[in-house]
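> Pasting a predicted model and its sequence here:
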Amino acid sequence: FAGNTKQTCTVTISTTNNIPIQVMLTGIHTQDEISCLVTAVDISDKMVAAEKITVEKGLSAAIVNHLPGIFYLYDEAGNFINWNRNFEMITGYTSSEIGSMHPLDFYDEAQQQIIRNRISNIFNDNENNGIEVELLTKHGAAIPFYINSKTIEYNGKPCLIGIGTNISDYKKIENALKESEQKFRMIAENTGDGMVVFGANNTIQYTSPAYIKQLGYSQADELYRSENQIYQMIHPEDRDIIFGDIYQAITLKETRLIYSFRIRHIAGHYIWREDNAQFNYDAVGNYTGANVICRDITSRKQAEKVL
């Protein structure tokens, strides 16, 4: 406490009961004497609060880094504040590189304007609808992601939080299904036999040109025709037998059934048709629909009758 000025120092000690005490020592130097003012404050609550904040920060970091997808947080100026390890691993950028980047840097030119508008809409309207994007990595690869974003207040300012799921496998399946559907349509539309696809509720989902030609109804008439409507079109002597066989096959989880019956043409007469049905089921055995190849066998039936 040498000199003529008042000086203060602060130390933290623990009592014999391990209670943290903050001690403030203030030296006061006057002309006549030197004195020391001692102030002691129990800071247990502060220490507990600080420890709780530390634990919560650690827990938050653990949760963020164990998310299955990517996570990031940036402010309205596009400055990254936080992100998880998955974001670094997937994009290939280091922590220091991401810290100096802008969110638009992760998209190619074709997507940047879309993303720019979306960011603006989220900050202005808090729009939080998901969006499919292609995230651009450091090495130029484009990885499909489904991103959900919304605004939050962080340290007193609006920020955007984003969580993304890698949908590469989904896209591969989607593309394979599209390719399979294209092949199916190519076969269906270039074969003499009719083809019809039924949904899980046994309504018609697709009919080929040859199928339309067999009965004379339009595409609009056939699409979404219900099983009750089809039942009414089948000859009264055949309908219960055919529907009984189909329902039994589905109940027994059979995959194929061939049957013949008479069905009414748009002109009012009946034609004979032979259907080769393939029944489809999901992984747990629920019926999901059927693909049916339909052949007009009226001429064959007439020849058999003559014989």
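Cool, got the structure. Numbers count the residues shown, from 1 in each chain.
> Let me know the secondary structure of residue 245.
For residue 245, the assignment made with DSSP: H, G, I helix; E, B strand; the rest coil gives helix.
> typo on my end, residue 206
The three-state assignment at residue 206 reads strand, by three-state DSSP.
> All the strands of the stretch 201-307 of the chain, residue numbers only.
Ranges of strands in the stretch 201-307 of the chain, per DSSP state E, counting those that start in this stretch, are 204-207, 256-264, 270-281, 287-296.
> List the buried residues of the second one.
Just to be clear, that refers to strand 256-264. By neighbour count, with 16 or more other CB atoms under 10 Å as the criterion, the buried positions of strand 256-264 are 257, 261-264. Backbone N, C-alpha and C define where each C-beta goes, glycine included.
> so can I have a markdown table of the strands of the stretch 201-307 of the chain showing mean pLDDT and distance to residue 130?
Output for those, formatted as a markdown table (pLDDT from 0 to 100; distance: least, CB to CB, whole Å):
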| stretch | mean pLDDT | distance to residue 130 |
| --- | --- | --- |
| strand 204-207 | 93 | 27 |
| strand 256-264 | 96 | 40 |
| strand 270-281 | 95 | 29 |
| strand 287-296 | 94 | 26 |
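> that older thread, for the buried residues of strand 256-264, please prepare JSON lines with the additional fields distance to residue 96.
Output for these, formatted as JSON lines (distance: CB to CB, whole Å):
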{"residue": "257", "distance to residue 96": "65"}
{"residue": "261", "distance to residue 96": "73"}
{"residue": "262", "distance to residue 96": "77"}
{"residue": "263", "distance to residue 96": "72"}
{"residue": "264", "distance to residue 96": "75"}
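> Between those, which sits nearest residue 304?
Of all the buried residues of strand 256-264, the one sitting nearest residue 304 is residue 262; the distance, using CB to CB, is 13.8 Å.
> Could you check how far the residue nearest to the closest one when sequence neighbours are not counted is from residue 273?
Setting aside the residues directly before and after it, residue 262 is nearest to residue 235 in space (CB to CB, 6 or more residues apart in numbering), at 3.7 Å. Distance from residue 235 to residue 273, counting by CB to CB, to the nearest Å: 10 Å.
> Same question for residue 96.
As defined by CB to CB, residue 96 lies at a distance of 71 Å from residue 273.
> likewise residue 148?
As judged by CB to CB, residue 148 and residue 273 stand 50 Å apart.
> quick revisit: quick one: contacts for the residue nearest to residue 262?
Taking CB atoms under 8 Å, 6 or more residues apart in numbering as the contact definition, residue 235 lies against 261-264, 270.
> Surely residue 207 touches residue 196?
Yes. With contact taken as CB atoms under 8 Å, residue 207 and residue 196 are classed as touching, separated by 5.1 Å.
> Buried residues, stretch 241-248. List them.
Along stretch 241-248, these residues count as buried under the neighbour rule (16+ other CB under 10 Å): 242-243, 246.
> Pick out the residue nearest the middle of the chain.
For the chain, the residue nearest the mean C-alpha position is residue 146 (6.1 Å; CA atoms, centre = their mean).
> How about residues contacting the helix or strand it falls within?
In this structure, residue 146 is located in strand 142-154 according to DSSP states H and E. In this structure, residues lying in contact with strand 142-154 by CB under 8 Å, 6+ apart are 69-70, 73, 75, 81, 90, 108, 118, 122-123, 126, 128, 130-137, 158-168, 170-171.
> Among these, name the ones in helices.
Using DSSP state H, the subset of the contacts of strand 142-154 located in helices is 90, 118, 122-123, 168, 170-171.
> Please spell out the ChimeraX selection for the buried subset of those residues.
In ChimeraX syntax, the buried subset of the ones in helices among the contacts of strand 142-154 is picked out as below (16+ other CB under 10 Å):
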select :90,118,122,123
